[in-house]
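K.L.:
just coords:
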Ligand SMILES: Nc1ncnc2c1ncn2[C@@H]1O[C@H](COP(=O)(O)OP(=O)(O)OP(=O)(O)O)[C@@H](O)[C@H]1O
Ligand SMILES: [Mg+2]
């Protein structure tokens, strides 16, 4: 579904990722793990068209999408939950969800999807009229994921969804990620520092170091890889 | 008491005009964090456009009401086109440049537009047609306020109502609010941020054009330089209210208008501008984010 070929991207003179090639198949959960500053967020922002692609290609269902404006990429079904959640602070929970459905016109479908995310995260239903900025970190993460789901994405990009969450909450988030993948067959490309959980739920994974892919394999294979264990799992 | 009420209404009228201009500053700042120094010139161009259109229409003997509506609409559209073009030419290419660059570009645009109108028209004051008739029912209140004050206040109120509706309930309004709060996220939900920025410039310019036409009709004359002082005053009002905040721009404008009016009336008209800027300095010292501004500006 998604293919990156020899992707290079950066900011001004800084090249943050270089020669990155990877693939995410239809219906898969694929994890990209790496240390701080490895370039994970840059990869996602380049897919979304926010950071411009300096070389290489981004293919979505074999069509090149690099160089398109971000809203065009959302239109093609690629939605991102960025690092740090980026909740609209002065919009209510409900309005944040509506923003997620910005490109949709089917009122009925939108209402159904709001009901669906409220069953995934009942706390959001309770807080629907509260400003997004006043939610706790965990609730903001739930809202950010729900907002992305409101666009009915075919490919969901998640940037460190477990960042800053208590272990129990982070476990719940990963459970929901699996459920989203199972319920709708939504393809998921997940960026994480929490390598253990990210690789457990993933079909396949990649390891990014200093802007380059250094390892690839199935989730299980990476979990038992001695290099990965040493560098990312603290074993 | 008479005098006080008279000053109060003239302050309100002033404030209303400032508000129409200040909204453009504050909306643009809220969306892209730029002080659009060419905004005062857009207001001036609005005044000139309505002057030209109204003069032509009165030559053909159009009735006053139709003249006002057509001239106003022309001013809004033409100023809107200028605002759109200024953004495309002077600011968009610098979107990723350091913050100082677009600011300098803005000052350059302001000088360019001023001089272009100077060359195209003249440097003399031109007398503006009498677009606001004397309302007969206003005779009783003539001691307190004139017909043009009433028309200005009423028009401003309607325009504010329309603006509020647009921002609250329309698609582009929601996109504008989202972009002002978090422009990266706005892109990620599929908002075309470039289009939102253009719309913001067009709307802000249209408001300024209405302000330009109203004040020109009120005072009765215009020249190429009127945008300068009006622009600085409206900018002061926007900062006073908290730049980036829409209710703040309106409140700041009313406070500034009333302060100037009372200071002129009770102290001396020589000190009008001194009072305005003293007020600004005081606010910046004691409440740097303005009356209604956010405590900590987290703009990128
Ligand atoms: N806006 C920016 N301007 C300049 N350099 C940037 C910018 N954003 C990121 N970088 C640089 O690009 C590199 C990769 O950053 P990126 O945010 O992609 O890393 P990451 O893997 O997501 O890290 P983390 O796990 O800490 O989120 C870093 O060296 C960073 O300093
Ligand atoms: Mg990151």
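P.N.:
Sure, I can see it. What you see is a predicted model; the values in this text were computed from it and never measured. Residues are numbered from 1 along each chain as shown, chains lettered A, B, ... in the order given. Ligands and ions are numbered 1, 2, ... in the order given.
K.L.:
where does chain B have low pLDDT?
P.N.:
B:295-300 (pLDDT under 70).
K.L.:
which residue does it bring closest to ligand 2?
P.N.:
residue B:184 (13.1 Å; C-beta to the ion). C-beta: built from backbone N, CA, C; applies to glycine.
K.L.:
what's the answer for chain A, then?
P.N.:
residue A:41 (3.1 Å).
K.L.:
now residue B:89: how far from residue B:201?
P.N.:
Using C-beta to C-beta, to the nearest Å, residue B:89 is found at 11 Å from residue B:201.
K.L.:
please say which of the two ends up with more neighbours.
P.N.:
residue B:201 (27 against 12; other C-beta atoms under 10 Å in any protein chain shown).
K.L.:
tell me how many other residues crowd residue A:27.
P.N.:
Residue A:27, neighbours per other C-beta under 10 Å, totals 15.
K.L.:
in terms of helices and strands, where is residue A:190?
P.N.:
strand A:187-192 (DSSP states H and E).
K.L.:
repeat for residue A:171
P.N.:
Assigned by DSSP H and E, residue A:171 falls in helix A:167-184.
K.L.:
other SSEs contacting that helix?
P.N.:
strand A:29-34, helix A:107-120, helix A:137-149, strand A:187-192, helix A:195-201 (3 or more C-beta pairs under 8 Å, 6 or more residues apart in numbering or on different chains; DSSP states H and E).
K.L.:
ok, the fourth one: who's next to it in the sheet?
P.N.:
Next to strand A:187-192 in the sheet, as set by DSSP bridges, lie strand A:29-34 (parallel), strand A:155-159 (parallel).
K.L.:
ligand 1 is nearest to which of those?
P.N.:
When these are compared by C-beta to the nearest ligand atom, strand A:29-34 sits nearest ligand 1, at 5.3 Å.
K.L.:
continuing past the closest one, what's the next helix or strand?
P.N.:
helix A:40-47.
K.L.:
out of everything not next to it in sequence, what's closest to residue B:223?
P.N.:
residue B:125 (4.8 Å; C-beta to C-beta, 6 or more residues apart in numbering or on different chains).
K.L.:
okay, now the one you found: neighbour count?
P.N.:
14.
K.L.:
could you do residue B:292 as well?
P.N.:
18.
K.L.:
can you check residue A:94 too?
P.N.:
16.
K.L.:
that one: what secondary structure?
P.N.:
Of the three states, residue A:94 takes helix under DSSP: H, G, I helix; E, B strand; the rest coil.
K.L.:
re the thing from before, can I get the strands paired with strand A:187-192 in CSV with mean neighbour count, distance to residue A:104 and mean pLDDT?
P.N.:
CSV is the format used below for these (neighbours: other C-beta atoms under 10 Å in any protein chain shown; distance: least, C-beta to C-beta, whole Å; pLDDT from 0 to 100):
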stretch, mean neighbour count, distance to residue A:104, mean pLDDT
strand A:29-34, 25, 25, 96
strand A:155-159, 24, 16, 97
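K.L.:
let's have these in a markdown table, adding distance to ligand 1.
P.N.:
Formatted as a markdown table, the strands paired with strand A:187-192 follow (distance: least, C-beta to the nearest ligand atom, whole Å):
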| stretch | distance to ligand 1 |
| --- | --- |
| strand A:29-34 | 5 |
| strand A:155-159 | 7 |
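K.L.:
now distance to ligand 2 too, for the ones you listed, in TSV please.
P.N.:
Formatted as TSV, the strands paired with strand A:187-192 follow (distance: least, C-beta to the ion, whole Å):
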stretch	distance to ligand 2
strand A:29-34	9
strand A:155-159	6
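K.L.:
got those as JSON lines, with distance to residue B:118 columns?
P.N.:
Listed next are these as JSON lines, based on distance: least, C-beta to C-beta, whole Å:
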{"stretch": "strand A:29-34", "distance to residue B:118": "59"}
{"stretch": "strand A:155-159", "distance to residue B:118": "53"}
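K.L.:
remind me, longest helix of chain B?
P.N.:
Assignment by DSSP state H gives helix B:2-32 as the longest helix of chain B.
K.L.:
next one: that helix to chain centre, how far?
P.N.:
8 Å (C-alpha atoms, centre = their mean, to the nearest Å).
K.L.:
next one: stretch A:68-77
P.N.:
Relative to the chain's own centre, stretch A:68-77 is displaced by 15 Å; criterion: C-alpha atoms, centre = their mean.
K.L.:
wondering if it reaches chain B at all.
P.N.:
Yes - with C-beta under 8 Å from any C-beta of the partner chain as the criterion, chain B is reached by stretch A:68-77 at A:69-71, A:74-75.
K.L.:
what strand or helix carries residue A:57?
P.N.:
Using DSSP H and E, residue A:57 falls in strand A:53-60.
K.L.:
also residue B:102?
P.N.:
Residue B:102 is part of helix B:100-120, with elements assigned from DSSP H and E.
K.L.:
note down every partner strand of the next helix or strand after that helix and its orientation.
P.N.:
Per DSSP H and E, helix B:100-120 leads on to strand B:126-127 as the next helix or strand towards the C-terminus. Partners of strand B:126-127 in the sheet, by DSSP bridges, are strand B:221-222 (antiparallel).
K.L.:
distance between the partner strand and the chain's centre?
P.N.:
On C-alpha atoms, centre = their mean, the centre of strand B:221-222 falls 17 Å from the chain's centre.
K.L.:
any idea of the angle the following helix or strand past it forms with helix B:2-32?
P.N.:
Counting by DSSP H and E, the next helix or strand C-terminal to strand B:221-222 is helix B:226-241. Per axes from the mean of the first three to the mean of the last three C-alpha atoms, to 10 degrees, the angle that helix B:226-241 makes with helix B:2-32 is 80 degrees.
K.L.:
any buried residues in helix B:226-241, and which?
P.N.:
B:226-227, B:230-241 (16 or more other C-beta atoms under 10 Å in any protein chain shown).
K.L.:
could those be laid out in JSON lines, adding distance to residue A:215?
P.N.:
Formatted as JSON lines, the buried residues of helix B:226-241 follow (distance: C-beta to C-beta, whole Å):
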{"residue": "B:226", "distance to residue A:215": "67"}
{"residue": "B:227", "distance to residue A:215": "62"}
{"residue": "B:230", "distance to residue A:215": "64"}
{"residue": "B:231", "distance to residue A:215": "59"}
{"residue": "B:232", "distance to residue A:215": "60"}
{"residue": "B:233", "distance to residue A:215": "63"}
{"residue": "B:234", "distance to residue A:215": "59"}
{"residue": "B:235", "distance to residue A:215": "56"}
{"residue": "B:236", "distance to residue A:215": "59"}
{"residue": "B:237", "distance to residue A:215": "59"}
{"residue": "B:238", "distance to residue A:215": "54"}
{"residue": "B:239", "distance to residue A:215": "54"}
{"residue": "B:240", "distance to residue A:215": "58"}
{"residue": "B:241", "distance to residue A:215": "55"}
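K.L.:
can you pull the contacts of the residue nearest the centre of chain A?
P.N.:
Per C-alpha atoms, centre = their mean, the C-alpha nearest to the average position across chain A is that of residue A:158, at 1.3 Å. By C-beta atoms under 8 Å, 6 or more residues apart in numbering or on different chains, the contact set of residue A:158 is A:80-81, A:145, A:177, A:188-191.
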